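Visitor: take this sequence and fold it.
(one chain, ligands or ions: 1)
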Amino acid sequence: MISAIEVAGLTVHYGDVCALDDTSARVRPGRVTALIGMNGSGKSTLFRTIMGMTRPDRGSVLVGGAAPALARRRGIVGYVPQNEDVDRSFPVSVWDVAMMGRYGRLGPARRPRAADRTAVAGALERVGLHDYADRQIGQLSGGQAKRAFVARGVAQDAQILLLDEPFAGVDKRSEATIVRLLRELAAEGRTVLVSTHDLHTLPQLADEAILLMRRVLFQGKVSEALRPEVLSLAFGIDVVDRESAA
Ligand SMILES: Nc1ncnc2c1ncn2[C@@H]1O[C@H](COP(=O)(O)OP(=O)(O)OP(=O)(O)O)[C@@H](O)[C@H]1O
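Guide: This next block holds a predicted model:
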């Protein structure tokens, strides 16, 4: 089977710190794959390397069969980072944030067309923010703001979507909305790679899991990833209470 994302032998250092060490994994198309690992295990680094934003010391990345830079240019891959670089005190509306997902598609005049407005309206509807379109981003709760950034990724209409901890700091309702949305995107044939600390929702969220600790310790079905002996590999302890490991 052709992989949606394929990384092989990735090694990334920040100075003396080794963030990824000979990391290899394949992400299958049309599924939700969860990326699990402790703080500092290299999840964000892996996302950035897949996006071509961090250059590996060694190894290769293919995204939709293309090198990262080309995949981004073609709009094949979308990315919702853990920490947004949008200043929330900056006066942009929820609509504007979602429209940022369309920037790569706007013509030279940079003026949104009907298709762009339809995509943005649809994305806001899907994250449950259609009534907040005119709200300034700084006037949203943390969970609503997170949903606005997920809407930006959805509006982009990419075949492959990467989300770095979209559940961090969001309430149960927002979390349920995002989980449902990611499942729908996978059912439409899109590929979703999502990092999370929440092992509790893993069975609802994902089909497959990748356990990372600088290198891939396990990749397979979620039901197998949740076995205590597998989790203890990733978290380095005997996991009695799954949530306390997250
Ligand atoms: N810009 C940087 N400069 C130096 N070291 C970095 C940088 N970014 C990450 N690191 C280090 O690389 C390692 C991997 O970090 P990374 O952010 O990829 O982990 P993570 O699994 O996403 O962590 P978390 O769950 O806390 O978000 C950590 O030891 C971190 O301190």
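
Visitor: CA atoms for contacts and neighbours, from now on please.
Guide: Will do.

Visitor: quick check: mean pLDDT across stretch 148-159?
Guide: For stretch 148-159, mean pLDDT is 91.

Visitor: may I have that stretch as PDB, with CA atoms only?
Guide: Extracted as PDB, the C-alpha positions of stretch 148-159 are listed here (Å, rounded to 0.1, in the frame of the first residue of the first chain):
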ATOM      1  CA  ALA A 148     -10.600  28.300  14.800                       C
ATOM      2  CA  PHE A 149      -7.100  27.100  13.900                       C
ATOM      3  CA  VAL A 150      -8.400  23.600  13.100                       C
ATOM      4  CA  ALA A 151     -10.900  25.300  10.800                       C
ATOM      5  CA  ARG A 152      -8.000  27.000   9.000                       C
ATOM      6  CA  GLY A 153      -6.500  23.600   8.300                       C
ATOM      7  CA  VAL A 154      -9.800  22.200   7.200                       C
ATOM      8  CA  ALA A 155     -10.500  25.200   4.900                       C
ATOM      9  CA  GLN A 156      -7.200  24.500   3.200                       C
ATOM     10  CA  ASP A 157      -8.800  21.300   1.900                       C
ATOM     11  CA  ALA A 158      -5.600  19.300   2.100                       C
ATOM     12  CA  GLN A 159      -5.500  15.600   1.600                       C
END
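
Visitor: from now on call the first residue 511
Guide: Taking 511 as the first residue, the last one we looked at is stretch 658-669.

Visitor: residues in this protein within reach of the ligand, list them.
Guide: The chain has residues 524, 529, 548-555 near the ligand, with proximity defined as Cα under 6 Å from any ligand atom.

Visitor: okay, and the residue most central in space within the chain sits in which element?
Guide: With distances taken as Cα atoms, centre = their mean, L673 lies nearest the centre of the chain, 1.2 Å away. Using DSSP states H and E, L673 maps to strand 670-674.

Visitor: next secondary structure after that strand?
Guide: Downstream of strand 670-674 (by DSSP H and E), the next one is helix 682-697.

Visitor: please state the offset of that next one from the chain centre?
Guide: 12 Å (Cα atoms, centre = their mean, to the nearest Å).

Visitor: list the buried residues of that helix.
Guide: Neighbour-count burial for helix 682-697, counted by 16 or more other Cα atoms under 10 Å, picks out 684-686, 688-689, 691-693, 695-696.

Visitor: ok, V702 touching I670?
Guide: Yes. Applying Cα atoms under 8 Å as the test, V702 and I670 come out as touching, 6.0 Å apart.

Visitor: what bridges to the residue nearest to the centre of the chain?
Guide: Judged by DSSP bridges, the bridge partners of L673 are V590, V704.

Visitor: contacts only, for it.
Guide: Neighbour list for L673: 589-592, 660, 702-705 [criterion: Cα atoms under 8 Å, 6 or more residues apart in numbering].

Visitor: hmm, try it at 6 Å
Guide: 589-590, 704 (Cα atoms under 6 Å, 6 or more residues apart in numbering).

Visitor: could you turn the buried ones of those residues into a ChimeraX selection?
Guide: Buried residues among the contacts of L673 (16+ other Cα under 10 Å), as a ChimeraX selection:
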select :589,590,704
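
Visitor: break the chain down into its domains, please.
Guide: 511-586+671-684+701-756, 593-667 (automatic domain parsing).

Visitor: residue contacts, V732?
Guide: V732 neighbours (Cα under 6 Å, 6+ apart): 717-719.

Visitor: go on, A661?
Guide: Contact analysis of A661 by Cα under 6 Å, 6+ apart lists 608, 633-634.

Visitor: restricting to C-alpha, output the helix or strand where S742 lies in PDB.
Guide: Taking DSSP H and E as the definition, S742 sits inside helix 738-745. Coordinates of each C-alpha in helix 738-745 appear next as PDB, following Å, rounded to 0.1, in the frame of the first residue of the first chain:
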ATOM      1  CA  PRO A 738       0.300  -1.700  29.400                       C
ATOM      2  CA  GLU A 739       3.500  -3.300  28.300                       C
ATOM      3  CA  VAL A 740       3.500  -1.300  25.100                       C
ATOM      4  CA  LEU A 741       2.700   2.000  26.900                       C
ATOM      5  CA  SER A 742       5.400   1.400  29.400                       C
ATOM      6  CA  LEU A 743       7.900   1.300  26.500                       C
ATOM      7  CA  ALA A 744       6.900   4.900  25.500                       C
ATOM      8  CA  PHE A 745       6.400   6.300  29.000                       C
END
